[in-house]
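**Student:** Generate coordinates for the sequence data below:
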Amino acid sequence: MTAFCAMAPGGRYRLEIDPPIWVKPGEETSALATTVAALERVIRAYPTQWFNFFDAWSPPHGHA
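**Tutor:** As a prediction, the model looks like this:
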């Protein structure tokens, strides 16, 4: 299950909860694709409202 909360027009929050993703053995790749598609959908809808909790763009410490 994926869940997202975004600020909608008027300063209200919109909560989106998708149905559960049931993963059977051997279906992990399909489940991951479903999860990534949900994330992509929400980022496209609210491109300025996501936050990465670590710096993904700079090289790790000690690496130049």
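**Student:** what about the helices in this protein?
**Tutor:** Secondary structure of the chain by DSSP state H: the helices cover 28-45.
**Student:** Name the residue closest to the centre of it, please.
**Tutor:** What sits nearest the mean C-alpha location of the chain, by C-alpha atoms, centre = their mean, is residue 39, with 3.4 Å.
**Student:** what about that one, distance to residue 2?
**Tutor:** Plainly put, residue 39 is 7 Å away from residue 2 if you go by C-beta to C-beta, to the nearest Å. All C-beta spots, glycine's among them, are computed from the backbone N, C-alpha and C.
**Student:** do the same with residue 61
**Tutor:** 32 Å.
**Student:** what about these two, which has more around it?
**Tutor:** Neighbour tally, residue 61 and residue 2, criterion other C-beta atoms under 10 Å: the higher count belongs to residue 2, 17 against 5.
**Student:** ok, now how distant is that one from residue 55?
**Tutor:** Distance, residue 2 to residue 55, using C-beta to C-beta: 24 Å.
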